[in-house]
Structure formats: structure tokens, C-alpha cells
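Novice: sequence first, predicted coordinates after that:
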Amino acid sequence: MKYTSLIYKDTDGNYTGVIPDVNYVSSYGSTFKECVKMLTEALELMLEDIKPTVLHTVEYYTSDILKEMEIPINATIQLIDYEPAKLERVTITMRRNNKRIIDDYAKSHHISRSAFLEQSALQVAMAQ
């Protein structure tokens, strides 16, 4: 599936990207390429929790629409091609207090418990 993102250079020289159709998920990077990479990762995490109801085409984003969304009219439109990975439900057992700590951390970082546990486990496994 292709998601339309809008990427522009900030006043501090970094690039900011936003995908309006997916809860205005956004990210940034020091280069355009890094911004696209970070935005794709943010999109992946956001799609764990929501399903977009509307996906606009590139033609939708006229200068008037960009002004209305408070995005610079010189923003570059970048299509991000992303297909979510097939997920598999697993059941784990943990101490209730640890679950609360994990849930608080995940919530404060705007990610799901599953995403946090998967990312943490992969970091440990890849460090081996």
C-alpha cells in the first residue's frame, strides 16, 4: 500500500515528514533519505494501533490544502510503499507489576506493548 507523505526542510536545516492520512504521523531526519526512513518506521508503529479510513492521492495535496494543514507549500510529496508484516498472536506470562511498568513505558512512547516487547527482544537478540 502506498501512503502519501509530505516532507519539508525546517528552519534548523533538518527534514520533517508527515503522513496526514495516518493520524498525522511524523518524524524527522538530518537528510531527506533519513527522514523517509524514520517516517517509514513511525508509520509501521502507528499502523499497529490504527487503520486509516481514507488515503488521499497525490493530486489531493494542492497548495490550498497544504496551507490549511500548515505545511509549507514547497513540501516534497513522497510516496511511502509499506505492507505490514504478517503478525502472529503469542501468549506470554509475566509478573503483574512488570506488565504495569512495560505498559507505562510503552504508553509514554506512543507504542503498543507488543511493539515494545518485540523491539526490546530483537535488540537483545541482535546484540548477541
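Specialist: Perfect, thanks for sending it.
Novice: got the contact list for the closest residue to residue 9 other than its chain neighbours?
Specialist: Computed as CB to CB, 6 or more residues apart in numbering, the closest residue to residue 9 that is not its neighbour in sequence is residue 15, at 5.7 Å. Quick note: C-beta positions are derived from backbone N, CA and C, even for glycine. Residues near residue 15 by CB atoms under 8 Å, 6 or more residues apart in numbering: 7-9, 28-32, 34-35.
Novice: and residue 15, what are its bridge partners?
Specialist: Counting by DSSP bridges, residue 15 is bridged to residue 9, residue 29.
Novice: domain map for this structure?
Specialist: 1-85, 87-128 (automatic domain parsing).
Novice: any idea which of those is most buried?
Specialist: domain 1-85 (a mean of 15; mean count of other CB atoms under 10 Å).
Novice: tell me the mean pLDDT over that domain?
Specialist: Averaging pLDDT along domain 1-85 gives 93.
Novice: what of stretch 120-128?
Specialist: 91.
Novice: adjust the sequence numbering to begin at 378 for everything that follows.
Specialist: Taking 378 as the first residue, the last one we looked at is stretch 497-505.
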